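Visitor: Here is a sequence together with a model predicted from it:
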Amino acid sequence: MLFMGEKVQRLQKEKGVSSAEMAVAFGVPPSEISRWRYMQDMKMSLAVELAHYFGVTLDEFVNG
């Protein structure tokens, strides 16, 4: 099972999205994106936002 941050990293790579691009899209500093990439778990609201951003279902994001 992948940790949530590992899923963020995998989807970034698959979709060709940089941390800088994500930072702009989410209105956060790039350091926040870096923090997300190393999280073991995250709030459901963030998981929903990230799933939407990457164009995957919440189930795919959480379980995929």
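Guide: All right, it came through fine. Numbers count the residues shown, from 1 in each chain.

Visitor: what sits against the residue most central in space within the chain?
Guide: Closest residue to the average C-alpha location of the chain: Val8 at 3.5 Å, with C-alpha atoms, centre = their mean. Residues near Val8 by C-beta atoms under 8 Å, 6 or more residues apart in numbering: Trp36, Arg37, Met39, Leu50. (Glycine included, C-beta is placed from N, CA and C.)

Visitor: Check Gln40 too.
Guide: When contacts are counted by C-beta under 8 Å, 6+ apart, Gln40 touches Phe3, Met4, Gly5.

Visitor: Switch those over to JSON lines; also include neighbour count and distance to Val62.
Guide: What follows is these, written out as JSON lines (neighbours: other C-beta atoms under 10 Å; distance: C-beta to C-beta, whole Å):
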{"residue": "Phe3", "neighbour count": "14", "distance to Val62": "11"}
{"residue": "Met4", "neighbour count": "20", "distance to Val62": "8"}
{"residue": "Gly5", "neighbour count": "17", "distance to Val62": "13"}
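
Visitor: Helices - which of those residues land there?
Guide: Met4, Gly5 (DSSP state H).

Visitor: Among the contacts of Val8, pick out the one closest to Ser19, please.
Guide: Arg37 (7.4 Å; C-beta to C-beta).

Visitor: Quick check: Ala25 vs Asn63, distance?
Guide: Note on Ala25: its distance to Asn63, by C-beta to C-beta, to the nearest Å, is 24 Å.
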